[in-house]
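K.L.:
Below: sequence and its predicted model.
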Amino acid sequence: GYASDITRTFPANGRFSPAQRELYDIVLAAQQAAIDATRAGVSFEAPHDAAVRVLAQGLLDTGIVDRTKFGSVEDVIAERAYSRFYMHRTGHWIGMDVHDCGDYRERTALPDASGALPWRTLRPSMALTIEPGLYVRAAPDVPEQYWNIGIRIEDDAIVTEDGCVLITRDVPVEADAIEAL
C-alpha cells in the first residue's frame, strides 16, 4: 500500500546520441553525488546542493552555461544560472502517496536572517526520491547539439545512519545497461 516514484530516460531509438550520452552521464553523476550526501543527520537540502554542484560543473564543461559570463561553479550556483536547465528540487518525500505529506522545513525552529526556516534534518527510515535532471531547450546561446534534450534519473531511497539504501535499482540506470536493454 505504499507508493514509489521512479524515472529513467531512455533514448527513443535505443541508442544515446553523443550529446544525449554526455548529458545523461552528467545527470547520473549528479544523482550519485546526491545519493552520497543522503544520510541521517544532514539537512534535506544536502542532496540537492550536491546534485546542483555537479550539474553546474557539467553545464560549464559543455558550454551550455557560458564560461565568459559565469567563470566558476560558485558563480553558476550563486546566480542560479543552472535553474534555466534544472528547475526542480532533487527530491521529495514518498510514502502513502507519491508526493507524501511532511514538512521540508523545521517549522518550530527560528528563521535565519533572510526569514527562511532551516531545512529538515534527515533521520533513519525517512523515504525520499533522488531525482536530478537537465532540460535543454533550443536557444541561440546554447550549443545546438544539446537542443531539446531532457534527462531525469530518479530513484527511491530510505535514509540510514550512514547513507541510504536505494530500493528502485532493479531498473537499469547506467547508459550502457539502458542501451543493452
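P.N.:
All right, it came through fine.

K.L.:
count of neighbours near A46?
P.N.:
Neighbours of A46 under the rule other CB atoms under 10 Å: 19. Every residue, glycine included, has its C-beta placed from N, CA and C.

K.L.:
Excluding sequence neighbours, find me the nearest residue to P11.
P.N.:
Excluding the flanking residues, the one nearest P11 by CB to CB, 6 or more residues apart in numbering is Q20, at 5.9 Å.

K.L.:
That neighbour should be in a strand, yeah?
P.N.:
No. The assignment for Q20 is helix, going by DSSP: H, G, I helix; E, B strand; the rest coil, so no strand is present there.

K.L.:
can you confirm Y135 is in a strand?
P.N.:
Yes. Using three-state DSSP, the assignment for Y135 is a strand.

K.L.:
for the longest strand seen in the chain, which positions count as buried?
P.N.:
If you go by DSSP state E, the chain has its longest strand at strand 155-160. Across strand 155-160, burial judged by 16 or more other CB atoms under 10 Å covers D155, D156, A157, I158, V159.

K.L.:
what's the spacing between H99 and Q32?
P.N.:
Taking CB to CB, to the nearest Å as the measure, H99 falls 23 Å from Q32.

K.L.:
Pick out whichever of these two has more residues nearby.
P.N.:
Q32 (17 against 12).

K.L.:
quick one: contacts for the residue nearest to P11?
P.N.:
Counting by CB atoms under 8 Å, 6 or more residues apart in numbering, Q20 makes contact with P11, I149, I151.

K.L.:
how near is it to F10?
P.N.:
Distance of Q20 to F10, computed by CB to CB: 10 Å.

K.L.:
Also A30?
P.N.:
Taken as CB to CB, the span from A30 to F10 is 18 Å.

K.L.:
higher neighbour count, the two?
P.N.:
A30 (29 against 11).

K.L.:
ok, the more buried one - contacts?
P.N.:
A50, A51, V52, V54, L55, G58, P132.
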